[in-house]
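Asks: here's a sequence, model it:
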Amino acid sequence: MKVKSLIVIVMVAVFLSACGGNKEQKTDAAAEETAKVLVKLEKVTEQPVEQLIELTGTVDAYKSNDIAPTIPGRIDQILVEVGDRVRKGQTLVVMDKTNLIQAKIQLLNAEKELARVDTLHRQGSATQQAFDQLTTQVDVAREALRNLEENTTLLSPIDGVVTARNFDAKNIYPGAPAILNVQQISPVKVLINISEAYFPRVKTGMEVKIKLDVYPEKLFDGKITIIHPTINQTTRTFVAEVSIANSDFALRPGMFARVTLNFGTMTHVVVPDLAVIKQMGTNNKFVFVVENGIAYQKKVELGTRTGTSYELLSGVDNGANVVVAGQTKLLDGTPVKLTIDN
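Replies: Numbering: from 1, shown residues only. Below you'll find the predicted structure:
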């Protein structure tokens, strides 16, 4: 009887021990499951993405000319006002003509003297030296008269618009600033700074699109007309000039412009913007990719943003499962479980 009782006691102990072990295993498994972070995933795929970059600049006149004589003097007439449209060759300002009249008289007298000496020279009564000196004096007087004519009647060198007037008629022009400023605003231009990475791909004649905040519903066409040949060592950018026809004069110098360049399409992985995390204090961006129930942090390089998605230039493979919800609780290597709607 004692032996049988001992056997029963041992069996009961083994049974209780087994029950306790199973309970501990179940408790550990439950704890592990509870420790998993609840996340939502989305599978990413490669898609064709338009290679667009948007750059900002300021609308500027295609040409700008200051209207002023090369020498100080009294202003006789100003024939235009700010805002007037002018044509190339149109008279804008007339300066005092006193010096011009004197120069004409001096030239006339010099030409008469030259004619007289020329006659004497042919007759042998005047030396070659005297003839040559007078010929030079006449040439100098003609050039002086031409210069005075240009500085007395000031013409517009371009078709444009008068954008500034700094003096009134009868004022003394002291030498600065210019009396008027005339700008050509059809076409206009925008200077943009482009990253050096695009230097081999930007060509003259390349078509671009322009948007302005003052015309939010309108899109303007333009093209690259000039590419500066050097790279700024500080900003690592180069300058390109965009020309816009502006036949209706809707664009004016000083307006803020957004210029979009299109480099065609490329196939890249596209990821929802919800998956992208920006590291505080840095320019680093990353996403969490789930493999076999574990979330791994992947640093990514972003490309173009389209709607609610980003093009990825590197960092995530095609077909990967990325976390789009719950990633704020994740660290690299964190076990995860999926929400019911995955």
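Asks: distance from the chain centre to the helix or strand encompassing Ala164, please.
Replies: Element membership of Ala164 [criterion: DSSP states H and E] is strand 160-165. Distance, stretch centre to chain centre, for strand 160-165: 26 Å (Cα atoms, centre = their mean, to the nearest Å).
Asks: which other helices and strands does the helix or strand following it contact?
Replies: The helix or strand immediately downstream of strand 160-165 is strand 172-173, counting by DSSP H and E. If you count contacts as 3 or more Cβ pairs under 8 Å, 6 or more residues apart in numbering; DSSP states H and E, strand 172-173 packs onto strand 73-78. Bear in mind the C-beta positions are built from the backbone N, C-alpha and C, glycine included.
Asks: partner strands of the strand it packs on and their direction?
Replies: In the sheet, strand 73-78 lines up against strand 91-95 (antiparallel), strand 172-173 (antiparallel) (DSSP bridges).
Asks: most packed of those?
Replies: strand 91-95 (a mean of 19; mean count of other Cβ atoms under 10 Å).
Asks: orientation of that one relative to strand 160-165 in degrees?
Replies: 40 degrees (axes from the mean of the first three to the mean of the last three Cα atoms, to 10 degrees).
Asks: for Met203, which three-state class applies?
Replies: In this structure residue 203 is Lys, not Met. With DSSP: H, G, I helix; E, B strand; the rest coil as the basis, Lys203 sits in coil.
Asks: please apply the same query to the one 5 residues further on.
Replies: Here Val208 takes the strand state, with states given by three-state DSSP.
Asks: what's the answer for Leu302, then?
Replies: Going by three-state DSSP: Leu302 is strand.
Asks: residues near it, how many?
Replies: Look at Leu302: counted by other Cβ atoms under 10 Å, it has 16 neighbours.
Asks: the strands paired with strand 73-78: which one's closest to Gln297?
Replies: Closest to Gln297 of the strands paired with strand 73-78, according to Cβ to Cβ: strand 91-95, at 67.5 Å.
Asks: and the following helix or strand past the closest one with strand 73-78, angle?
Replies: Per DSSP H and E, the first helix or strand lying C-terminal to strand 91-95 is helix 98-123. Here helix 98-123 points in a direction 110 degrees away from that of strand 73-78 (the same axes, to 10 degrees).
Asks: all the strands of the stretch 201-342 of the chain, in order from the start?
Replies: 207-212, 215-227, 237-244, 256-272, 277-278, 285-291, 294-306, 309-314, 321-325, 334-338 (DSSP state E, counting those that start in this stretch).
Asks: from the chain's centroid, how far away is the shortest one?
Replies: In this case it means strand 277-278. 26 Å.
Asks: partners of it, with directions?
Replies: Here, using DSSP bridges, strand 277-278 pairs with strand 285-291 (antiparallel).
Asks: contacts for the strand it pairs with next, please.
Replies: 39, 41, 271, 275-279, 295-302, 315-316, 320-323, 327, 330, 336 (Cβ atoms under 8 Å, 6 or more residues apart in numbering).
Asks: buried residues, that strand. List them.
Replies: Lys285, Phe286, Val287, Phe288, Val289, Val290 (16 or more other Cβ atoms under 10 Å).
Asks: Throw these into JSON lines and include pLDDT, thanks.
Replies: Shown next, in JSON lines, are the buried residues of strand 285-291 (pLDDT from 0 to 100):
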{"residue": "Lys285", "pLDDT": "93"}
{"residue": "Phe286", "pLDDT": "93"}
{"residue": "Val287", "pLDDT": "94"}
{"residue": "Phe288", "pLDDT": "95"}
{"residue": "Val289", "pLDDT": "95"}
{"residue": "Val290", "pLDDT": "94"}
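Asks: widest-spaced pair of these?
Replies: Lys285 and Val290 (18.0 Å).
Asks: what angle do the top strand by length along the chain and strand 73-78 make?
Replies: Counting by DSSP state E, the longest strand found in the chain is strand 45-67. Inter-element angle recorded for strand 45-67 and strand 73-78: 110 degrees (by the same axes, to 10 degrees).
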